[in-house]
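**Q** Sequence plus the predicted model coming up.
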Amino acid sequence: MEPRYPSDAPEQKLMLLDFLDARRRDVLSQVADLPEDVRTSSCLPSGWTPLGMLTHLVFMERRWFVWGFAALPVRDPQGDRGPNRRFQVPQGWGYPELSGLFDAQASRTREIVEAASLSDRAALGGWFATAEEAPTLGWILLHVLGEYAQHSGHLDVFVEIVKDFDGR
């Protein structure tokens, strides 16, 4: 039997959401499998940590879907950025808090996406001031999937380095 690829926009939207959910599960399970001391440490010159990356993904999704697409107010949309634009984990946040925020943001994203069409443009007033700047929901979904793919790859390499270095 030939594989079936979605040909209409509603099915394509659900497919994109399913891909996004799969990437989220990959990232969350990899971070969950790390010991706490490894989640908060770095073996890279940039100082990048798995919890910093998880923080970034929560804020990045919030920026693109809540503040960007829906133009809803978001407190500190750049809260994942520290000095030199490096990912930072807010004071007092650990894996339990971040995994809860991660899941909550995933649910919020799904609500926003399911209520719109891929061709809908981002509302004005949040991230975007003019109609010319406002991307479509389809573009935003692809961009966010790209972010997850990129950072999931970073996490894969980090885990490999840590396991090789620590003998874990």
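**A** Ah, there it is.
**Q** Okay, now the unreliable bits of this protein?
**A** 1-9, 85, 165-168 (pLDDT under 70).
**Q** now do 80
**A** Scanning the chain for pLDDT under 80 picks out 1-10, 44, 82-86, 163-168.
**Q** And the residue nearest the centre of it?
**A** By C-alpha atoms, centre = their mean, the chain has its centre lying nearest to L57, at 3.3 Å.
**Q** any idea which element that residue lies in?
**A** Per DSSP states H and E: L57 is located in helix 50-61.
**Q** Tell me which residues of stretch 143-159 come out buried.
**A** Applying a neighbour-count criterion of 16 or more other C-beta atoms under 10 Å, one finds V144, L145, E147, Y148, H151, S152, H154, L155, F158, V159 buried in stretch 143-159. To be clear about C-beta, it is placed using only N, CA and C from the backbone, and glycine gets the same treatment.
**Q** Same question for stretch 81-99.
**A** Under 16+ other C-beta under 10 Å, the buried positions of stretch 81-99 are F87, Q88, V89, Y95, L98.
**Q** now it, how far from the chain's geometric center?
**A** 14 Å (C-alpha atoms, centre = their mean, to the nearest Å).
**Q** Kindly export it (C-alpha atoms) in CSV.
**A** Output of stretch 81-99 as CSV, limited to C-alpha atoms (Å, rounded to 0.1, in the frame of the first residue of the first chain):
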residue,chain,number,x,y,z
ARG,A,81,18.0,35.0,27.4
GLY,A,82,20.8,36.0,29.8
PRO,A,83,24.0,38.0,29.2
ASN,A,84,25.3,37.6,25.7
ARG,A,85,21.9,36.1,24.7
ARG,A,86,22.8,32.8,26.3
PHE,A,87,20.1,30.5,27.5
GLN,A,88,19.5,31.0,31.3
VAL,A,89,17.4,29.2,33.8
PRO,A,90,15.4,31.5,36.0
GLN,A,91,16.4,31.4,39.7
GLY,A,92,14.7,28.5,41.5
TRP,A,93,13.7,26.6,38.4
GLY,A,94,14.7,22.9,38.2
TYR,A,95,13.6,20.0,36.1
PRO,A,96,10.2,19.5,37.8
GLU,A,97,9.2,23.1,37.3
LEU,A,98,10.5,23.2,33.7
SER,A,99,8.9,19.9,32.6
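**Q** what sits up against that stretch?
**A** 28, 31-32, 36, 39-40, 46-49, 51-56, 58, 79-80 (C-beta atoms under 8 Å, 6 or more residues apart in numbering).
**Q** Okay, angle between the lengthiest helix in the chain and helix 50-61 too, please.
**A** Counting by DSSP state H, the longest helix found in the chain is helix 137-166. If you take axes from the mean of the first three to the mean of the last three C-alpha atoms, to 10 degrees, helix 137-166 sits at 180 degrees to helix 50-61.
**Q** Many thanks, we can stop here.
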